[in-house]
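K.L.:
please find the sequence and the predicted model below.
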Amino acid sequence: MLEKLIDWTLTLTIVAAMALLGNFIGYEVMPLAALPGMISLMVIVLIGMIIHEVLPFKRLPAIAYIGLLAFILTIPGVPGAEKIAEWTAEVNLLALTTPILAYAGISIGNSWADFAKMGWKTIIIGMLVLLGTYLGSAIIAEIILRIQGIV
C-alpha cells in the first residue's frame, strides 16, 4: 500500500505542477494563489484512492469515491467547505484537464503495440468511441453555452 501511495503522490505532484504552470500561462493565476486549491484537490484524490484500495469490495471505481468525497467536503455547512471552494476556484478546469489528458495519452501510447495485437476491428472501434465521446462532449458544451447565452 505504501508503494502505491508513493506512486499516486508522485503522479499527482507532476500533474499538479503542470496544471499550476498551465493555470499561470493560460489564465494568469499565480501558482502560489492556486497552490492551496491544487493541494486540496490532491488530498481529496489521495483519500479517495485510499478508500477504494482499503474497502474489500471493488464494485465502484476510485473516481466514484473521489467524487463523493469532494461532494461531501464542499456541501455548504460542512466545516471548511467554503475555504475549499475558495481555494479550488483559483484552479481553472482546462489547466487541470490538460496534463491529465496528456498523461492518459502517454499511457495509451505506451501500449499501442498491445492494442494493435487485438486486431484492426478493435482499433476502429476504439477510434469511433473516442470520436463519439469528443463529439458528444462538444454537443453538450455547445447546448449548455447557448442556454447560458455565452455563445
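P.N.:
Cool, the structure landed.
K.L.:
quick one: the helices in this protein?
P.N.:
Assigned helices in the chain, in chain order: 2-27, 31-54, 62-73, 81-88, 93-110, 112-117, 120-148 (criterion: DSSP state H).
K.L.:
out of the ones you listed, deepest packed?
P.N.:
Comparing the helices of the chain by mean neighbour count (mean count of other CB atoms under 10 Å), helix 31-54 comes out on top with a mean of 17. In this view, the C-beta of every residue, glycine as well, is placed from N, C-alpha and C.
K.L.:
hey, least reliable of the helices of the chain by pLDDT?
P.N.:
Per-stretch mean pLDDT for those is lowest at helix 112-117 (a mean of 65).
K.L.:
from the chain's centre, how far out does stretch 23-34 sit?
P.N.:
18 Å (CA atoms, centre = their mean, to the nearest Å).
K.L.:
CA atoms of that stretch as CSV?
P.N.:
Output of stretch 23-34 as CSV, limited to C-alpha atoms (Å, rounded to 0.1, in the frame of the first residue of the first chain):
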residue,chain,number,x,y,z
ASN,A,23,-3.0,27.9,-15.0
PHE,A,24,-0.4,30.6,-14.9
ILE,A,25,0.3,30.7,-18.6
GLY,A,26,-3.2,30.4,-19.8
TYR,A,27,-5.2,32.2,-17.1
GLU,A,28,-2.6,34.4,-15.4
VAL,A,29,-3.3,32.9,-12.0
MET,A,30,-0.1,33.0,-9.9
PRO,A,31,1.0,29.5,-8.9
LEU,A,32,1.1,30.4,-5.2
ALA,A,33,-2.5,31.6,-5.4
ALA,A,34,-3.6,28.3,-6.9
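K.L.:
what sits against Thr98?
P.N.:
18-19, 22 (CB atoms under 8 Å, 6 or more residues apart in numbering).
K.L.:
distance of it from Leu73?
P.N.:
With distances taken as CB to CB, to the nearest Å, Thr98 is found 24 Å from Leu73.
K.L.:
what do you get for Leu20?
P.N.:
Applying CB to CB, the value for Leu20 to Leu73 is 21 Å.
K.L.:
likewise for Ser137?
P.N.:
As judged by CB to CB, Ser137 and Leu73 stand 26 Å apart.
K.L.:
check whether Asn99 really touches Leu20, as I assumed.
P.N.:
Wrong residue type there; residue 99 is Pro, not Asn. No. At 9.6 Å, Pro99 and Leu20 do not qualify as touching, with contact defined as CB atoms under 8 Å.
K.L.:
many thanks, have a good one.
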